[in-house]
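K.L.:
Sequence plus the predicted model coming up.
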Amino acid sequence: MISPLYFDEFFASGRDETISPFLTPSSRKWGKNLPLRRSLLAALCLALAFGFSFISPPLSSLFLLAVYFLAGTPALIHSLYDIRKLEINIDVLMTLAALLSVGIGSGMEGGLLLVLFEISGAMEETVSQKTRSALLNLHKLSPRTAWVIATDGTLYEKSVREIAIGTPLRVKAGEVIPLDGVVHSGSSFINLVHLTGESQPIPKKAGDTVPAGAGNLDGTLTIHVTRTSADSTLSRIIQLITQAQEAKPKIEQFLDRFSKLYATTIIGLAALFALIIPGPFLGYEGSIYRALTFLIAASPCALILATPTAYLSAISCCAKRGILLKGGITLDALAKTTTVAFDKTGTLTTGQLTCTALHQVAGPSLDPDLALSIAATLEQHAVHPIAAAIADYAKKRGVLTLDNQDFKSVAGFGLEGTVAGLPAAIGHREFILKKSPVSIPPADSLTTYLLAKDAVFVFQFTDSLRPEALAAVQQLQKENLRVIMLSGDHSTNALPIARELGIDEVFADLRPEDKMAKVGELSKEQNLAMVGDGINDAPALARATVGIAMGKIGSATAIEAADIVFLQDDLSLLAWLYKKSRQTISILRQNITLALSVILLATTPALLGLVPLWLAVILHEGGTVLVGLNSLRLLKK
């Protein structure tokens, strides 16, 4: 069955037209990089026209005509389209300058202007194509169809757009998972390298979730769809990258508005100078020639190109590292950041508890291994993190579970039953106090209590640090950034983690509204970046100067509220991202300085007749090319 082709998906994706299925292989080959091929052919014709001008003027004119046909026709079409919309921009300005060059007998200089303008335009398109590479790769990952399992067990192919939640799908080895789902049957390793940057294969079995865009490596999976095509993980990532590329920083918004007014002003000034400069109108010393040279020298192509190429290059580089930014404006804000605030659980720590100790605190003496065995027996019926930590602790100490009778779960409090003939209960201190004949000393919140007959034991837990957390904090501190912790946990849990990481400022016992208020207070004093992962962090992420969410374990609410999403949950990238934002601003300043320098240094000499038309063309287009190449430096990881 031939899969349907959706035209809106194809053209909206920004993919190269040469991959269209309606093109033959030979035409597809010729169509690739067509603007660059056309401009280079025009450059060859221009060189031949210049060479033959000394020995055969008619032949030189023929090659020059070819230059205007190859480079001038596209420029004229675009300019007429803009003029019809009553929009005077840089394209109109350059086309007008080329036509005026012919009118004053400087056809060779006009051809040079068109050729260099077309070459710089082709290079700009190459820059844009490179910066969109992350988005294009994700579009290639997204399958248009999926294998649906019918009620009789047969398979048929169906467009992913038409597949509803709950539909059973078959994903074979080597295929890309088409939609988010839960594995119903089968087991396999999947690869998330294109989604999160992780190259390590991840095992998946029945009950596990799998995201759209993941590669199924070796087994066959039957999954039940949990999100439609529009809401899938891959679609959300594509939307985030698209939003990032469309969200323009203030300076870029200003230059977009400025360029239209500027182009109109420069055309008007050139016309005025052509009339008021003393001397003849025509000739190389004439006022029209000088005004035309001024018009070209003052054109802000490099200035307009300076900002979008820099931001898009940086956004693309970040996307390849598994960092999604919701716009170049985020880079501006991050570069000005002076303080980084971290949530604790799930951000600096893994959120997975580890049992570290078991102590008897009250009642008659009882063998600790027996107490651990009783606790593990009760907790084997539970699924919360404390139960998993106790089971793992018992396994490490080689303690086995026992017979359990009269088991009962008291929701929100604990578990009870009769283990090895002993009445036992495990849970919160208040729960155990109601059953214990002896007093129990209080402890911090990362504990649970066991009552076995009349003996009371306390289990102590710790939240495991992320392996990269310490290095990440140290790297940020080396960048002279103030690092603080904002946690909803009790201070007795937050302070040890902070001390281990070298964080001196800790704000604990914060409810979501308290955390948001604290972020708002700190943001007023200085630019603050907030890093979090859960629903409770979402208000603070939205309130911070820059909100950074952990995309792999973070809630959808936190991801939507944040400005930056770390798909790999790798905190070590935070310092790298901060440096990349500073580098982006630095290259942006270099671009603007270069562009303005060309304009300022060439315009006045052009009016005085000190800069010939051909040199103004080279300075103008050369500056544009240099700005584009300088921006490409940001693509380096």
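P.N.:
Sure, I can see it. Numbering: from 1, shown residues only.

K.L.:
Touching, residue 407 and residue 415? I think so.
P.N.:
Yes. With contacts counted by Cβ atoms under 8 Å, residue 407 reaches residue 415, the gap being 7.2 Å. (Each C-beta comes from the backbone N, C-alpha and C, glycine too.)

K.L.:
Now the common contact residues for these two.
P.N.:
378, 381 (Cβ atoms under 8 Å, 6 or more residues apart in numbering).

K.L.:
Run through the residues that contact residue 270.
P.N.:
Here residue 270 is in contact with 291, 292, 294, 295, 298 (Cβ under 8 Å, 6+ apart).

K.L.:
how's the protein carved up into domains?
P.N.:
As given by automatic domain parsing, the domain ranges for the chain are 34-132+247-312+586-635, 164-227, 321-349+466-580, 351-464.

K.L.:
More neighbours: which of residue 407 and residue 415?
P.N.:
residue 415 (23 against 14; other Cβ atoms under 10 Å).

K.L.:
ok, back up a step: among the contacts of residue 270, which ones are in helices?
P.N.:
291, 292, 294, 295 (DSSP state H).

K.L.:
Distance check, the third one against residue 267.
P.N.:
Spelled out, it's residue 294. From residue 294 across to residue 267, the span is 11 Å (Cβ to Cβ, to the nearest Å).

K.L.:
Of the two, which one has the most company?
P.N.:
Using other Cβ under 10 Å, the more surrounded residue of residue 294 and residue 267 is residue 294, with 25 against 18.

K.L.:
Leaving out sequence neighbours, find the closest residue to the more buried one.
P.N.:
Spatial nearest neighbour of residue 294, chain neighbours left out: residue 606 (4.4 Å); criterion: Cβ to Cβ, 6 or more residues apart in numbering.

K.L.:
Just give me the neighbour total for the one you found.
P.N.:
Look at residue 606: counted by other Cβ under 10 Å, it has 26 neighbours.

K.L.:
got the phi/psi numbers for the nearest residue to residue 468 once chain neighbours are set aside?
P.N.:
Excluding the flanking residues, the one nearest residue 468 by Cβ to Cβ, 6+ apart is residue 572, at 4.2 Å. Main-chain torsions, residue 572, degrees, to the nearest 10: phi -70, psi -20.

K.L.:
What are the buried residues along stretch 466-481?
P.N.:
Judged by neighbour count (16 or more other Cβ atoms under 10 Å), stretch 466-481 contains these buried residues: 466, 469, 472, 473, 475, 476, 477, 481.

K.L.:
which one of those is nearest residue 50?
P.N.:
Nearest to residue 50 among those: residue 475, at 55.6 Å, using Cβ to Cβ.

K.L.:
give the contact list for that closest one.
P.N.:
572, 574, 575.

K.L.:
The first one - how many residues pack around it?
P.N.:
If I follow you right, that is residue 572. Neighbourhood size, residue 572 [other Cβ under 10 Å]: 14.

K.L.:
With the second one instead?
P.N.:
Neighbourhood size, residue 574 [other Cβ under 10 Å]: 25.

K.L.:
Doesn't it belong to a helix?
P.N.:
Yes. Counting by DSSP: H, G, I helix; E, B strand; the rest coil, residue 574 is part of a helix.

K.L.:
which intervals of the stretch 1-150 of the chain have sub-threshold pLDDT?
P.N.:
Flagging of the stretch 1-150 of the chain using pLDDT under 70 yields the residue ranges 1-33, 88-90, 103-106, 120-142.
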